[in-house]
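Enquirer: Okay, here's the prediction I keep looking at, along with the sequence it came from:
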Amino acid sequence: MRYAREKLKWNGWGWQDQHFDFEGRDTSFWKFLQTELKLQSLSPTPACPLENLEVPASRLNPAQAQALAKILDPWQVKSDLRERVLHARGRSLPDLLDLRSGTLQDLPDAVVYPRNARQIQALLEFAHSEKLALVPFGGGSSVVGGVQASCRADQAGVLSLDLSLMQHLLEIDEVSLTMTAEAGIYGPELEEKLQARGYTVGHTPQSFEFSTLGGWIAARGAGDRSNRYGKVEDMLVAAKVLTPQGEWLLPALPASAAGPDLRQVLAGSEGILGVIAEATLKIHPLPPAQDARGFLFRNFLSGLEALRQLVQRGAPTAMLRLSDEAETQFLFRFRKKAGPDPLPQRLIKQYLASQGYTQHPALLLAGQEGEQTEVQNWARQTSKQLKAHGAFALGPKAAESWHKSRYSTPYLRDTLLDHGIAVETLETACEWRKLPALYQALKDTLQTQIDQGLKTSGSQGFVMTHISHCYPDGASLYFTFAFPLLPGQEREQYQAIKTAACETIVAQGATLSHHHGIGRDHAPWLQAEKGDLGMALLRQMRKTLDPEGILNPGKLLD
Ligand SMILES: Cc1cc2nc3c(=O)[nH]c(=O)nc-3n(C[C@H](O)[C@H](O)[C@H](O)COP(=O)(O)OP(=O)(O)OC[C@H]3O[C@@H](n4cnc5c(N)ncnc54)[C@H](O)[C@@H]3O)c2cc1C
């Protein structure tokens with residue numbers, strides 16, 4: 001099996017045998033980082049090996065194991081250390097700190113691998129009768145504490161419900177242009193099967209290789225070409241969901257005025273309303289042509305204004321990704337090999353400086369796909385419009401380089417943690433009119449909070465941002481921040497930053513998440529976004545579908 005659990009890292013990103021490849025840029029990268037973080041030296045901080053981890057024993061008793069054996073074959077139930085640890089957390093910074101630290105609480109008492117909807121329903125009944133929590137687990141790539149294997153004090157234990165055996169593409173409807181698949185199918189498996197028939201879903205999050213159809217829907221995710229294909233909630237056509245109260249079917253209807261659209265309730269439900277067993281998404285003929293290119297703006301805010309106008313004029317663009325000055329600097333330095341710039345690059349830099357593009361411009365990557373002529377027209381018109389807003393056209397190289405490394409970059413986080421450096425991300429969205437203020441406030445909050453935590457050490461944090469998804473009325477901001485970890489104070493450092501960031505987001509009237517979701521980490525602030533009535537409505541929906549609160553306790557709603 002391609003995604004057999006022993007092939008995956010249990011405490012980091014991706015394949016067990018794959019690590020970040022600097023491709024000869026090691027020296028310049030570490031130098032850049034040491035300068036930006038004001039670090040005297042890098043301290044090795046290896047992760048605790050699996051065999052040294054201290055974990056509580058499984059609470060599953062022999063009678064429960066026997067009852068499970070009536071629902072599943074023995075190989076579908078795992079309770080060895082590696083399986084329990086791999087399913088204990090997702091892949092946020094606090095998750096990784098927990099997994100690497102040596103002592104781990106909140107891990108599943110067993111991991112169950114259902115093969116079909118009937119087995120999921122039987123597991124829900126079993127969890128109900130045994131007062132166990134059930135945590136749906138897709139790829140486990142949640143970065144908001146969405147799969148943490150925790151239960152309430154009144155529950156007797158936790159089962160992680162891993163959907164990876166439910167990985168079949170069930171149907172391609174070439175008339176209606178939809179596809180139906182089991183929820184545990186991973187991104188590459190789904191796309192390979194669709195593309196072999198000439199179609200695509202068009203959903204490629206950075207976690208594409210290690211996330212699943214069910215997880216995309218449950219977390220309301222977004223891929224890098226969301227401007228063309230939409231977010232997952234826009235793609236969702238139908239679903240089969242298993243709840244403690246029975247099967248919940250959401251039928252395929254292109255549009256309906258039969259009351260509110262319940263598919264929009266399922267999207268973003270984070271496993272608390274039911275287990276998605278199957279889902280139908282829209283598909284598109286594979287685009288014959290693709291193009292992506294880079295543009296430089298004199299600064300981030302002028303780029304932001306150009307994007308707003310481009311999007312509001314209805315210019316069709318699959319991908320728009322505008323980095324701020326810090327991220328642009330990082331991307332250029334990251335690509336750079338040691339040694340002086342070659343002559344053509346130096347000449348371009350001199351020319352740009354003479355045209356008012358400072359040392360720290362802002363990079364926009366723009367991409368389109370479709371019919372050959374559509375893409376050619378796009379390239380011409382977009383270039384023209386962006387140049388009218390002061391952009392300098394760089395050509396396709398910057399976009400190619402980003403595209404090539406986008407799925408390998410997450411491996412870098414583990415390498416940095418091995419050297420005592422934390423990297424975390426957060427994302428939000430708001431209306432265009434609020435966007436410049438939100439950007440500044442959140443950037444300042446992150447920088448101030450990180451630096452405050454480090455004041456005794458003399459080090460500092462590094463914060464960078466990009467706009468990743470655009471709409472006529474607003475856009476999302478995606479922040480990445482890095483900082484040295486202080487031994488023994490890692491969680492306090494992180495929590496202070498996270499709390500300050502969430503408070504700023506709420507104060508600015510932005511959303512707690514554009515595409516990562518709420519999970520455990522954002523749950524304390526959800527009331528501020530949804531209001532009392534909104535929260536009551538969500539709680540009532542959970543009570544209707546899962547009156548005992550079996551599913552994913554502590555996520556989305558606390
Ligand atoms: C390096 C990295 C890059 C990322 N990039 C992106 C990005 O570009 N865009 C983006 O949107 N997200 C991104 N994410 C976040 C994450 O990958 C997404 O939230 C993804 O959709 C989760 O899918 P998963 O299969 O891994 O779900 P999991 O992490 O396993 O689960 C996520 C949530 O959904 C629930 N769930 C999972 N499967 C089911 C099911 N079948 N039924 C009911 N509930 C279920 C879980 O209980 C949990 O609450 C990134 C994460 C990482 C670590």
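Expert: On my side now, so go ahead.
Enquirer: Name the spans of the stretch 201-350 of the chain whose pLDDT lies under the cut-off.
Expert: Applying pLDDT under 70 to the stretch 201-350 of the chain flags the ranges 336-340, 343-344.
Enquirer: The ligand contacts on that one?
Expert: Within the stretch 201-350 of the chain, the residues that sit near the ligand (Cβ under 6 Å from any ligand atom) are 205-207, 211-212, 214-216, 218-219, 221-222, 270-271, 275-276. All C-beta atoms are positioned from the backbone trio N, CA, C, and that covers glycine.
Enquirer: my read: Leu93 touches Glu424, true?
Expert: Yes. Contact criterion Cβ atoms under 8 Å: Leu93 and Glu424 qualify, at 4.1 Å.
Enquirer: near the ligand, anything from stretch 390-408?
Expert: No. Applying Cβ under 6 Å from any ligand atom, one finds stretch 390-408 separated from the ligand by no less than 8.9 Å.
Enquirer: That stretch: end-to-end distance?
Expert: Counting by Cα to Cα, to the nearest Å, you get 32 Å between the two ends of stretch 390-408.
Enquirer: Check stretch 176-188 too.
Expert: The first-to-last residue distance of stretch 176-188 comes to 23 Å (Cα to Cα).
Enquirer: sorry, back to before: ok, of the residues of the stretch 201-350 of the chain next to the ligand, which come out buried?
Expert: 205-207, 211-212, 214-216, 218-219, 221-222, 270-271, 275-276 (16 or more other Cβ atoms under 10 Å).
Enquirer: Bridge partners for Asp291, pull those for me.
Expert: Note on Asp291: beta-bridge partners Gln368, judged by DSSP bridges.
Enquirer: Distance check, it against Asp521.
Expert: Distance of Asp291 to Asp521, computed by Cβ to Cβ, to the nearest Å: 37 Å.
Enquirer: the more surrounded of those two?
Expert: Asp521 (28 against 19; other Cβ atoms under 10 Å).
Enquirer: residue contacts, that one?
Expert: Counting by Cβ atoms under 8 Å, 6 or more residues apart in numbering, Asp521 makes contact with 92, 94, 144-145, 498.
Enquirer: Contact partners for whatever residue of the stretch 301-450 of the chain ends up closest to the ligand?
Expert: Closest residue of the stretch 301-450 of the chain to the ligand, Cβ to the nearest ligand atom: Pro410 (3.6 Å). Pro410 makes contacts with 13-14, 206-207, as judged by Cβ under 8 Å, 6+ apart.
Enquirer: could I get those residues as a markdown table with distance to Thr358 and secondary structure?
Expert: Listed next are the contacts of Pro410 as a markdown table, based on distance: Cβ to Cβ, whole Å; DSSP: H, G, I helix; E, B strand; the rest coil:
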| residue | distance to Thr358 | secondary structure |
| --- | --- | --- |
| Trp13 | 35 | coil |
| Gly14 | 37 | coil |
| Gln206 | 29 | coil |
| Ser207 | 34 | coil |
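Enquirer: Need the max-distance pair from the residues of the stretch 201-350 of the chain next to the ligand.
Expert: Longest distance between any two of these is 25.1 Å, between Gln206 and Val275; criterion Cβ to Cβ.
Enquirer: And for Gly184, the neighbour number?
Expert: 27.
Enquirer: oh, I was asking about Gln449
Expert: 22.
Enquirer: swap in Gly187?
Expert: Residues within reach of Gly187, counting by other Cβ under 10 Å, total 22.
Enquirer: ok so, going back, neighbour-wise, which of Leu93 and Glu424 wins?
Expert: Between Leu93 and Glu424, Leu93 has the larger neighbour count (other Cβ under 10 Å), namely 23 against 20.
Enquirer: show me what contacts the more buried one?
Expert: Taking Cβ under 8 Å, 6+ apart, one finds 422-424, 494 in contact with Leu93.
Enquirer: tell me which parts of the stretch 451-558 of the chain are close to the ligand?
Expert: Proximity of the stretch 451-558 of the chain to the ligand, by Cβ under 6 Å from any ligand atom, involves residues 515-517, 552, 555.
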